[in-house]
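Trainee: Sequence and predicted structure, then a few things I'm wondering about:
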Amino acid sequence: MDHLRPTRGRSGDNASHSHDAPGSRGRRDFLKGGLVFAGAAAGTSLQAHAATLAVPESNKEMGREMELKSYGMPSKYEAHVTRNRSDVLVNKQKWSDWSMTPLQDQIGIVTPNGLIYERHHAGVPDIDPAKHLLVVHGMVKQPMKFTMDDILRLPAVSKFHFMECSGNGLTDWKTPKSTTVQQSHGLLSCGQWTGVPLSWLLDRAGLAEGAKWLLFEGADGSAHARSIPVEKAMNDTLLVYGLNGEMLRPENGYPLRAFIPGWEGNVSVKWLRRIKVSDKPWHLRSETARYTDPMPEGKWRQFSMVMEAKSVITKPSGGMKLKYGPGPYEIEGFAWSGKGTITHVDVTTDGGKTWQPAKLEEPVLDRCLTRFRYLWNWDGGPAKIASRAVDSTGYVQPTVADIAKVRALSGFVQHHNAIFPWLVAPSGEVTNGIA
Ligand SMILES: Nc1nc2c(c(=O)[nH]1)N[C@H]1C(S)=C(S)[C@@H](COP(=O)(O)O)O[C@H]1N2
Ligand SMILES: [Mo]
C-alpha cells in the first residue's frame, strides 16, 4: 500500500505548489523530505532504473476497441475494491444482511454507486418504475398518488450528503473485532442525491390539522416502515431517485426512496410506496426494534435518529502496513456530522496524549463526508493513532468512556460515534486499537 499519493503534482516545484492549499508549505516540504527519509516511497532515482525508459508493450499496439454501447467498469487491477458482507457478524439469511463500503480504497468524498453500502431486511425487490406508485394519505386534505413520471416531472434538487447506518461500529465498542476500517466503519457512504423536496408533495396534499408524524413504507418483502416528525419532513427530507449522476441502483431503493439528511440510514426508506400522515409515531416492529439506544437505568431510548459527529482514519488503517520504515506518511480519513458541517479535526499519534490539527480538504459541506489530511513523521516506534472531529454546533466527538457515562453499552449497541484508534507496530503493521 503506497502511503504517498501518486505522482500527481510531484514532478516539479511549480506543479506541486499549484496543488497546495494557500499557505500550506507543509506538503511540499513533506515531499522533499520524503525523498530524504523514505526514498523508495517517494520515487527512485532514474539512473538506478534506466530500463524504465524502454518503450512499454502498450505503446506498440492498438488498445481494446470501443464498444458501440457500454457501461464502464473499473480496471481489472482494482477488482479487490468491493463492498463486502460482514466477516464479524454474519447473518445466515442473505436477504437480511449488510455489505460495507471499502472506505480504505475510497478516493475523494464521493462513494461510487457500486460501492454504496447495502442494508436490507428482506432482499432487493425488482420494481418496474412504469408501474411504481407513491401514495400520500392519512391526515391530509387531499390524498394523492404519484407515478414516477409525476415525480420526474417536478423540478429537482441535488445535495451531497453522507448516509450511515446506526449499526455502524456496533461490533467494536469494547473489544477489537473488526480488522479493517471497511468492517468497523463501512456502513457509511456519501454521494450526490437527486430528487424532490418532500415538502412540495405535502404542500400539494395539504397537511390536516394535528398532523405530527409521517410514516414511510417500502415496497420490499419487509415492508420496512419508519416514521419521522412533520417538521423534519417539511424541512429537508428528500424523495430521491438519483445518486451520483444516475438513477438509484436497485439495492439502494430504485426507483424511489426517502432520504433524510443527517439521520440514521434506517429512516431513509427504500422502494418508497406510501407516506401516511398521522398524529402519532409508528412504533417499530421486532426486526427493526434495535434502532434504539439502551440507557443506564435499563430504559431504552427510541427515536434517537440524528447521527452525531464522528471521524475515522482510513489511511493507514487496519490491515495496511507502513512499509517504507520510519519517515513521513500522510494520515487521512473522513469526518462527518448529522448536525452540520465539520469545523475541525485533530489527530493524535500518541494514543491521545497530544492532538494536532489536521487539514480539512475542500469542499466541506453540510452533513457530508469531509476529508482530513495530516502529515506524520513516523519515528518507527509503536504508535496509537486516532482522529477527533468537532462540528458546527461545537459538539466534540466523544471517547467510548464518555459515551459509557450516559448510555449503557451492552449487547448490540447502536450509534457508536466514538474516537476510534489504530495501533501501528514497529513492523509497520496496523491493527484495531480498541480496548
Ligand atoms: N424498504 C427498506 N428501506 C430500508 C431498509 C430496508 O431493509 N427496506 N433498510 C434501512 C437501513 S437499516 C439502512 S441503513 C438504509 C441503507 O440504505 P442502502 O442499502 O442504500 O445503503 O436503508 C434503510 N431503508
Ligand atoms: Mo441501518
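Mentor: Nice, thanks for sending it over. Ligands and ions are numbered 1, 2, ... in the order given.

Trainee: and the residue in the chain that ligand 2 sits nearest to, how many residues sit next to it?
Mentor: Proximity to ligand 2, evaluated over the chain using C-beta to the ion, is greatest for Cys165 at 3.2 Å. Glycine gets a C-beta too; all of them are placed from N, C-alpha and C. Using other C-beta atoms under 10 Å, Cys165 has 23 neighbouring residues.

Trainee: check contacts around it.
Mentor: 98, 117, 119, 187-188, 264-266 (C-beta atoms under 8 Å, 6 or more residues apart in numbering).

Trainee: What about the residues you listed, which are in strands?
Mentor: By the criterion of DSSP state E, membership of the contacts of Cys165 in strands covers 98, 119, 188.

Trainee: how far away is the residue of the chain closest to ligand 2 from ligand 1?
Mentor: Using C-beta to the nearest ligand atom, to the nearest Å, Cys165 is found at 3 Å from ligand 1.

Trainee: do the same with Glu118
Mentor: Distance of Glu118 to ligand 1, computed by C-beta to the nearest ligand atom: 4 Å.

Trainee: One more: Phe412?
Mentor: Phe412 is 13 Å from ligand 1, where distance means C-beta to the nearest ligand atom.

Trainee: Thr349 and Trp376 touch, don't they?
Mentor: Yes. With contact defined as C-beta atoms under 8 Å, Thr349 counts as touching Trp376 (5.7 Å).

Trainee: Need the overlap of contacts for these two.
Mentor: In contact with both Thr349 and Trp376: 331, 385, using C-beta under 8 Å, 6+ apart.

Trainee: Can you tell me the element Ile403 falls in?
Mentor: Counting by DSSP states H and E, the element that carries Ile403 is helix 400-406.

Trainee: Just name whatever secondary elements that helix is in contact with.
Mentor: Applying 3 or more C-beta pairs under 8 Å, 6 or more residues apart in numbering; DSSP states H and E, we find helix 400-406 packed against no helix or strand.

Trainee: now the helix or strand just after it: how far from the chain's centre is it?
Mentor: Next in sequence after helix 400-406, counting helices and strands by DSSP H and E, comes strand 422-424. The gap between where strand 422-424 is centred and where its chain is centred comes out at 22 Å by C-alpha atoms, centre = their mean, to the nearest Å.

Trainee: Make 287 the first number, not 1, from now on.
Mentor: I'll keep to 287 as the first residue from here, and by that count the last item is strand 708-710.

Trainee: buried ones in strand 708-710?
Mentor: By neighbour count with 16 or more other C-beta atoms under 10 Å, strand 708-710 contains the buried residues 708-710.
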